[in-house]
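Undergrad: sharing a model prediction with you, sequence too.
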Amino acid sequence: MSKETVEINGVKFEVDMDTAKRIDTFKVGDNVRLLDKRYSSSQIYTGVILGFYNFKELPTIQVAYFKNDFNGATIDFANINSKSDDFELLPSNKYEADFDRDTVVGSLNQQIESKTAEVKSLEAKKAWFLKYYGKYFVSDGEEDSNEEG
């Protein structure tokens, strides 16, 4: 047995280096840090555990995580299990959040306004099309009655 004294955040621990292993305990609603290794430069995101799914073959943890980049704040989801090589999960606390509530809500409101304007624009285009080009398209029922008369 090789024991070593390890200092972490000013606290000294005596650790048996032959058997030392990390055990994390999580529950639904816990704040977590998520390491996303899918791209050439890894990113660390702040997230929340949504649920534990005890599938027979592949128990899975689902995490909602927050991305705040040039596109605005978005909420994405990651499913983490023993086959997930792209993500690592660590416990976090509320003081480690790299975003604030007002920024996220403001960004989401801005996205909602943008999509609402896009819907209105598409509805106006549809109305214009039906008004000016609708006469060129006749429904099947109208076509049959025109042929008979």
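TA: Arrived safely.
Undergrad: which residues in this structure form helices?
TA: 101-133, 140-148 (DSSP state H).
Undergrad: can you tell me which helices and strands the longest one packs against?
TA: To tie it back to what came earlier, the one meant is helix 101-133. Applying 3 or more CB pairs under 8 Å, 6 or more residues apart in numbering; DSSP states H and E, one finds that helix 101-133 makes contact with strand 60-69, strand 72-80. Every residue, glycine included, has its C-beta placed from N, CA and C.
Undergrad: packing partners of the longest one?
TA: Going back to what we said before, that points to strand 60-69. Under the contact definition 3+ CB pairs under 8 Å, 6+ apart, strand 60-69 sits against strand 31-36, strand 43-53, strand 72-80, strand 87-91, helix 101-133.
Undergrad: any figure for the gap between Val63 and Asp30?
TA: Here the criterion is CB to CB, to the nearest Å. By it, Val63 lies 10 Å from Asp30.
Undergrad: re the thing from before, ranking the helices of the chain by mean pLDDT, which is last?
TA: Lowest mean pLDDT of the helices of the chain: helix 140-148, a mean of 53.
Undergrad: figure out which of the helices and strands packed on strand 60-69 is closest to Val11.
TA: strand 87-91 (16.3 Å; CB to CB).
Undergrad: re the thing from before, which of Val63 and Asp30 has more residues huddled nearby?
TA: More crowded of Val63 and Asp30, by other CB atoms under 10 Å: Val63, with 21 against 16.
Undergrad: no more questions from me, cheers.
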